[in-house]
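# Sequence and computational prediction follow.
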Amino acid sequence: MELNAKPLRAGGYLLTMLALVACSPRVPSKLDEPMIQSLTSAGARAAAQRDADALCSQLTDDAKIRLVEVRFTGSDIKRFDKAQWCEYLKLGYAAMPANVEVSTSVNLRSITIAADGKSAGVEADVIEEMNLGGRGLRMTSQQSATVVLVAGQAKYSEVSARMTGGQ
């Protein structure tokens, strides 16, 4: 079998490449509120499903997490890098009985996008509820986060949460 192919002329090649680029999905170059809302919603779903891998994928490689747990006896401050946080989540989820029902709700108080669109400050209230056989635990937290754009995706680079628990 013989193929007779003519080489593309420079103009034909250029038009073909432009058509391919035009059909390719665009990678966002700036953050916007819908991207941040989507990141937050996906995180709430992942937390409710106890999916540590999905939560960890929302973090930059150099992310910093600060967790302040407020108790009657005082506060406990914990700091994590991404690897430490992911391990902390996995251990915590593994320790939960399989029949625990978990729900997470997020109320975004504010989103402030930087002028260059590369980062944003986010303030939110988060309620996490766990229920096991009629017994429940409710934890609330006030969270502040920095969201950055990495290869067209919104990711958390810093998270600070002040958590209080109750029944």
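Great, that's in hand. Bear in mind the structure is a predicted one, so any value in this text is a computation, not a measurement.

# Name the single longest helix found in this structure.
Criterion DSSP state H: the longest helix present in the chain is helix 33-48.

# buried set for it?
Met35, Ile36, Leu39, Thr40, Ala42, Gly43, Ala44, Ala46, Ala47 (16 or more other Cβ atoms under 10 Å). (C-beta placed from N, C-alpha, C; glycine too.)

# Now render those residues as JSON lines, adding distance to Gly134.
JSON lines is the format used below for the buried residues of helix 33-48 (distance: Cβ to Cβ, whole Å):
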{"residue": "Met35", "distance to Gly134": "39"}
{"residue": "Ile36", "distance to Gly134": "36"}
{"residue": "Leu39", "distance to Gly134": "34"}
{"residue": "Thr40", "distance to Gly134": "30"}
{"residue": "Ala42", "distance to Gly134": "30"}
{"residue": "Gly43", "distance to Gly134": "28"}
{"residue": "Ala44", "distance to Gly134": "24"}
{"residue": "Ala46", "distance to Gly134": "26"}
{"residue": "Ala47", "distance to Gly134": "22"}
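
# on that earlier part again, the longest helix of the chain - contacts with which helices or strands?
helix 52-56, strand 101-113, strand 119-132, strand 153-166 (3 or more Cβ pairs under 8 Å, 6 or more residues apart in numbering; DSSP states H and E).
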